[in-house]
Structure formats: structure tokens, C-alpha cells
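# return a 3D structure for these sequence lines:
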Amino acid sequence: MSFLGKLFGKKEKESLDQGLQKTKEGFLSKLTKAIAGKSTVDEEVLDNLEDALVSADVGIDTTIAIIGKIEQRVARDKYINTSELNKILQDEIEGILVDATDDNYKNFEIPASKLPYIILVVGVNGVGKTTTIGKLANNYKNAGKSVLLGAADTFRAAAVDQLTIWSERAGVPIVKQPMGSDPAAVAFDAVQSAVARGIDVVIIDTAGRLHNKAHLMDELTKIKRAITKVVPAAPNEVLLILDGSTGQNALEQARHFTAATDVTAMIITKLDGTAKGGIVLAIAHQFKIPVKYIGVGEKMTDLIVFDKHEFVDSLFNLETK
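The predicted model follows:
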């Protein structure tokens, strides 16, 4: 079996099903009520469907887009019964989710021409950024890659200590400096060390502050400038970490960070503890940025590859195996 096969097998599917349980229980119960006793998709069904989507934090704009597509289908096909609505809805939701431009992330592979592969991780404090970095490092290591962490969040007292703990758990080295050090200098040292040691993957943590977008932009620009002195193409990836349980707040954070830097992909955390899993759709629809991984727990193994087909399948499957 390939590494990818192991990565999204039965165990991972079970984790996804369970992680979305709260979201789908609320969403599907409302969807069931929306079509109860109806033989055709009429205005009332669409209104109830809209309510179900909004309550799952899909967001007004995304909900309107989905309802609009379904209305077009109803108008075109003239007769659609409610038993067909689920399938149409799944198709439209899956169509909103954005695919990444390559599949290397699915099995944590990296083209030889891109070594060292440098990942800049951004996101506000409290979204699970440090935990996610540890999980990423663990997955890359399990895929046979050498990994180094860069602790460039030097403004928060516990950030460097927390990242050090995760580096030890994952069994990967870390480059760090005392609290208050220049983040760009830490990032520079991390990349320089990785090049000298022949490291495959460098994951750099950054400060999770949003109080001033201009400061955030300046800081990320300085970090980018510092690491390009060592590797001109760096960073290869800018991953935005968002807490799925914060719903529309996550959307606002995405707006800030996409304005401040070129976010290439997202990781949505804490989906296991929320009924707001629909925020994944709102973010994908508004920013056209792919979600690459989702967090469904605190364990090292609770970071799974985001597969839009499997996500939609789990969203509509109320059974947990």
C-alpha cells in the first residue's frame, strides 16, 4: 500500500466522520425538516435549505451562491424531487471547494528541485498553530523527510517553549533564539541551517498578532526578505491556520492574512468540537484558496489530508462507524 493509501484509509475516514459529527447533526436535521413531506423542490424547500446552510456557518454569500445554482437546476430541469436534492446539493458544495494545483501534499512528497521546501505558517494565537506545526513535522518525518522547525514567533512568551516541546515529540531539530529576538533573524538562521545540513523541509512559525495589519505585513515581508537571501524561491508555501470553531471570525482572519501575505493554502483546525464546519465552504468560496489539511483532535495523528469528496461525503453521512 502506498503512503497515500495509508494516509486516507479507513481510520482517517472514521476520524473525519467523527470530526464533522456536530456539524452534520445540525445541518442534516435541518435539511431533513426542509424537505419533509415535500415531493418537489419549491420556494419553501429552498428557504429552509438556506436556513440549514447559514446555521452551519456556510455564510450568507456562499449560501446564496449554492441556492442560486440549485434554482438554476430546478428551472432548467423543470422537475426535481426532494430525493434528488441531496445529490445536487453535494455536487454544488463539492464544486465550491478549491483544488490545490498539485497533489504532492497528499502524501507529503516534495519535488527534488524544491529542496529545502520552506513553509511559512501564519495565523492568530489560539488557533492551534503550534500544535499543527508539530503534526505537520510528524507527517513529513513519517514520509521519510528530514524536518527542521524555526521558532520565529518571538513575541509570545510561551510560543518558543511550546514549539520546542512539539519538536521533541516529533523528533525533529529546532532553531530558536530568546524571546524578543528579531523574527526575520530566526527565520534566516533556520533556513541557513537547513541548507547546511541538507534538510528537506523547513517549517517556520510566525507571530500570531492581528492588532495592526500594517505591522503584520511588515513583519512577514521582513521574514520573506531574510529567507530569500538564502533560498531565492522561498517560501514555497504560506499556510494559514484557522480555527474552524470560531466560524465567521475565521473568515475575518482569512481576510486579514490574505491581504498581508500571499497565502497559498489553509489548514482548518478544531473541526471536531464545533457545529460550524460549514465555514470551510465559506472560506474556500470567498478566497479561492485550497484547504490542504484539517485538524480533528489533539493527538499527533489528528491532522488529516483534506479531500473535498470525502469531506462532502462525511458531511452527508450521519452514521459514525
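# how about the helices in the stretch 1-150 of the chain?
If DSSP state H, counting those that start in this stretch is used as the criterion, the helices of the stretch 1-150 of the chain fall at 3-7, 10-19, 21-35, 43-55, 60-77, 82-96, 129-142.
# quick check: which of these is buried the most?
Among the helices of the stretch 1-150 of the chain, the stretch with the highest mean neighbour count (mean count of other CB atoms under 10 Å) is helix 129-142, at a mean of 24. For every residue, glycine as well, the C-beta is placed using N, CA and C.
# for the helices of the stretch 1-150 of the chain, which has the smallest mean pLDDT value?
Set side by side, the helices of the stretch 1-150 of the chain give their lowest mean pLDDT on helix 3-7, at a mean of 42.
# and Asp200, what does it touch?
110, 115-117, 140, 145-147 (CB atoms under 8 Å, 6 or more residues apart in numbering).
# so which strand or helix has Ala282?
Applying DSSP states H and E as the criterion places Ala282 in helix 279-287.
# hey, C-alpha coordinates of that helix in PDB?
Output in PDB follows, covering the C-alpha atoms of helix 279-287 (Å, rounded to 0.1, in the frame of the first residue of the first chain):
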ATOM      1  CA  ILE A 279     -17.000  27.700   7.500                       C
ATOM      2  CA  VAL A 280     -14.700  25.600   5.300                       C
ATOM      3  CA  LEU A 281     -17.100  26.300   2.400                       C
ATOM      4  CA  ALA A 282     -17.300  30.000   3.100                       C
ATOM      5  CA  ILE A 283     -13.600  30.400   3.200                       C
ATOM      6  CA  ALA A 284     -12.900  28.400   0.100                       C
ATOM      7  CA  HIS A 285     -15.700  30.200  -1.800                       C
ATOM      8  CA  GLN A 286     -14.600  33.700  -0.800                       C
ATOM      9  CA  PHE A 287     -10.800  33.400  -1.100                       C
END
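# now for it, which elements pack on it?
Identification of packing neighbours for helix 279-287 by 3 or more CB pairs under 8 Å, 6 or more residues apart in numbering; DSSP states H and E yields helix 60-77, helix 82-96, helix 248-260, strand 265-269, strand 291-295.
# dump those to JSON lines, plus distance to His215.
Compiled in JSON lines, those are given as follows (distance: least, CB to CB, whole Å):
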{"stretch": "helix 60-77", "distance to His215": "29"}
{"stretch": "helix 82-96", "distance to His215": "33"}
{"stretch": "helix 248-260", "distance to His215": "9"}
{"stretch": "strand 265-269", "distance to His215": "22"}
{"stretch": "strand 291-295", "distance to His215": "27"}
